[in-house]
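# here is my input; please provide its structure:
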Amino acid sequence: MFNKIIKLILAAGIIAFAIYQFTLGNIGNGISLILLAGVFVFLYFKNEFILLAFLKLRKQDFEGTKKWLDKIKNPETALVKKQQGYFSYLHGIMTMQDNMNASEKHFKKAIDLGLAMDHDLAMAKLNLAGIAFSKRRKQEAQKLLTEAQKLDKHGMLDEQIKMMKQNMKQAVGPNQHYGAGGSVRSQKRRSR
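Below you'll find the model as predicted:
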C-alpha cells in the first residue's frame, strides 16, 4: 500500500509524462497515461484496502474484512480524513459482537472524522444508540436514534429503527405498572 502523498506524486509524474507524450504527438499514449493518473487520484480519495474490506463485509466475510483492514498499518498517514472515518466505522462493525466498549469508541471516532454518506452516518448513530441503550443510557440512546432517523432519508434503516424503538418501549413498559405505592392490585386493596 502506498502512502497517500506517494499516490499524488505518482499521479503528478504520470501527468507530466502524459504532457510530454502529447508534445511528441502521441495522443493515444497521453490519454492512456492521464487515465492511469486518474486511477492514482481516485485511490488517494478512496483507499483500495477500505474498498476491498467493504466488498468482503458485503459478502458477510468478517475474517476477510479484518484481513484487509489489518493491511492498513498507519491510517493517519495512509488515509485521508473521510477514509479514516470509514476505517474506524469498519472496526466498529467488526468489534460490535465481541467488545462493545471498543466498538463504541470506533463509532464515535468515525462520526468525529466524518463519513461521506448520510446512510453510513445513520448506521453508526444507530449502532451507538444500541450500545448506549444496552448500557442503560436511555436519553443518549433516544437522542442518537432520533439523529439516525433524520439522517436516513431513503428509509433504508426503517426496520432497524422501529425495532430499536420497540425494544426501548418494552424495557420501559413493565416499570409503568408499579408506582410509589406498589402495584395496581395493592392500591385497590388499600382503598377497601
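
# list the buried ones in stretch 70-85?
72, 75, 78-79, 82-85 (16 or more other C-beta atoms under 10 Å). Where you see a C-beta, it was placed from the backbone N, CA and C, and this is true even at glycine.

# end to end on that stretch, go ahead and measure it.
One end of stretch 70-85 sits 15 Å from the other (C-alpha to C-alpha, to the nearest Å).

# which strand or helix spans Met164?
Element membership of Met164 [criterion: DSSP states H and E] is helix 158-172.

# isn't Asp158 right up against Asp152?
Yes. In this structure, Asp158 is within contact of Asp152 by C-beta atoms under 8 Å, at 7.1 Å.

# tell me the average confidence for stretch 61-80?
Throughout stretch 61-80, pLDDT has a mean value of 89.

# and what of stretch 114-122?
Mean predicted lDDT for stretch 114-122 stands at 87.

# please renumber so the chain begins at 629
Taking 629 as the first residue, the last one we looked at is stretch 742-750.

# what lies in contact with it?
Residues outside stretch 742-750 that contact it (C-beta atoms under 8 Å, 6 or more residues apart in numbering) are 709-710, 713-714, 717, 739, 752, 775-777, 779-782, 784-785.

# just the C-alpha atoms of it, please, in PDB.
The C-alpha coordinates for stretch 742-750 follow below in PDB (Å, rounded to 0.1, in the frame of the first residue of the first chain):
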ATOM      1  CA  GLY A 742     -16.800  12.200   9.200                       C
ATOM      2  CA  LEU A 743     -18.400   9.700   6.900                       C
ATOM      3  CA  ALA A 744     -19.200  10.700   3.300                       C
ATOM      4  CA  MET A 745     -22.700   9.200   3.100                       C
ATOM      5  CA  ASP A 746     -25.600  10.000   5.400                       C
ATOM      6  CA  HIS A 747     -26.700   6.400   5.400                       C
ATOM      7  CA  ASP A 748     -23.400   5.300   6.900                       C
ATOM      8  CA  LEU A 749     -23.600   8.100   9.500                       C
ATOM      9  CA  ALA A 750     -27.100   7.000  10.300                       C
END
